[in-house]
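[1] got a sequence here, can you build the structure:
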Amino acid sequence: MKILVTGGAGFIGSAVVRHIIADTTDSVVNVDKLTYAGNLESLLDVAENERYAFERVDICDREQLDRVFKDHRPDAVMHLAAESHVDRSIIGPSDFIQTNIVGTYTLLEATRAYWNGLAEKQKNDFRFHHISTDEVYGDLDGPEDLFTEQTPYQPSSPYSASKASSDHLVRAWSRTYGLPTVVTNCSNNYGPYHFPEKLIPLVILNALEGKPLPIYGKGDQVRDWLYVEDHARALYRVVTEGVDGETYNIGGHNEKKNLDVVLKLCELLDELRPASEFVPHAQLITYVQDRPGHDQRYAIDASKIQRELGWVPAETFDSGIRKTVEWYLNNHAWVEHVKSGTYQNWIDQNYAKRSN
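    Numbering: from 1, shown residues only. The predicted structure is shown next:
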């Protein structure tokens, strides 16, 4: 297969691209606008592979999308390109509306035009896989409740509302136009190459520098944590084996309070950097005012994807979080380039001619 991956330079997208190139015989066309969170240094291991191609294209640019489909003739689309940080969506929701809603609409229309021109067998084999989040469901009431594929949507933030909108668009294009689609909704991801605005990389990097470790409210918000490489395997399983029109929830079976996650990170850093002047790192924890509309608890029922497609996460939280901390400690250059912004300079120098 040749798979067109949007947002392939982002955190989850780059994990998907690396998985496909390293562990399958398929080809990848990576379509990414390269915003602040898009980093081609996360793809250096596959950049020269003959089965990998990169296109610097905005998913809101219909003309360029049509060209990409014409030039590369993909067999499937995996749509991961999105603005994804809740805090940023609260401060400035406009980019989230534009990318997550208008961008998804534009991509759907470009895909539909391409799909309509395929031979009948190719049309039947084609798949549009939309990757979404469990945040579209809002939060859970009871301590034993779980999000299922039938849970009603009740988004709380501009980010989750924009993702809910994109989910609805994909399902509408399936029902109205017959476009073969699948949707996945995942829990919180963590792992290598994570941009340091999110909780786990932020805590790791702040702790190493002796900076405050900010925790919203009391830190009692509960999230289900999913190791990003487990997620990448699940997404590939869905795009290749999932049933048209179906939705699959993907979770890590690792519910943790935010405070407990931070304490675990501090414990690992105490162990792996015992000579640090900031040991014990937990002394750096700082409680800050909770953000508006903060959901209290997310938890995924991932039994459907296990039952129907045979996927289960390989990592426990303990094994995955240790791998994550060790990766950040061992990849100083990547971290420094992200923190300084020099990765953006490298991108601009090497890809300026492809940005039209």
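[2] residue boundaries of the strands in the chain?
    2-6, 27-31, 52-55, 76-79, 127-133, 181-186, 188-190, 213-216, 222-227, 247-250, 255-257, 285-288 (DSSP state E).
[3] dump those to a markdown table, plus distance to residue 294 and mean neighbour count.
    C-beta: built from backbone N, CA, C; applies to glycine. Shown next, in a markdown table, are those (distance: least, Cβ to Cβ, whole Å; neighbours: other Cβ atoms under 10 Å):
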| stretch | distance to residue 294 | mean neighbour count |
| --- | --- | --- |
| strand 2-6 | 29 | 24 |
| strand 27-31 | 33 | 25 |
| strand 52-55 | 36 | 19 |
| strand 76-79 | 27 | 25 |
| strand 127-133 | 15 | 24 |
| strand 181-186 | 19 | 25 |
| strand 188-190 | 14 | 23 |
| strand 213-216 | 6 | 19 |
| strand 222-227 | 11 | 24 |
| strand 247-250 | 22 | 25 |
| strand 255-257 | 13 | 18 |
| strand 285-288 | 12 | 13 |
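[4] could you save those as a markdown table and add columns showing mean pLDDT?
    Formatted as a markdown table, the strands of the chain follow (pLDDT from 0 to 100):
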| stretch | mean pLDDT |
| --- | --- |
| strand 2-6 | 98 |
| strand 27-31 | 98 |
| strand 52-55 | 98 |
| strand 76-79 | 98 |
| strand 127-133 | 97 |
| strand 181-186 | 97 |
| strand 188-190 | 94 |
| strand 213-216 | 90 |
| strand 222-227 | 92 |
| strand 247-250 | 98 |
| strand 255-257 | 91 |
| strand 285-288 | 92 |
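[5] any chance of these in a markdown table, with distance to residue 171 too?
    Below are the strands of the chain laid out as a markdown table (distance: least, Cβ to Cβ, whole Å):
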| stretch | distance to residue 171 |
| --- | --- |
| strand 2-6 | 18 |
| strand 27-31 | 22 |
| strand 52-55 | 27 |
| strand 76-79 | 13 |
| strand 127-133 | 9 |
| strand 181-186 | 7 |
| strand 188-190 | 23 |
| strand 213-216 | 32 |
| strand 222-227 | 23 |
| strand 247-250 | 8 |
| strand 255-257 | 28 |
| strand 285-288 | 38 |
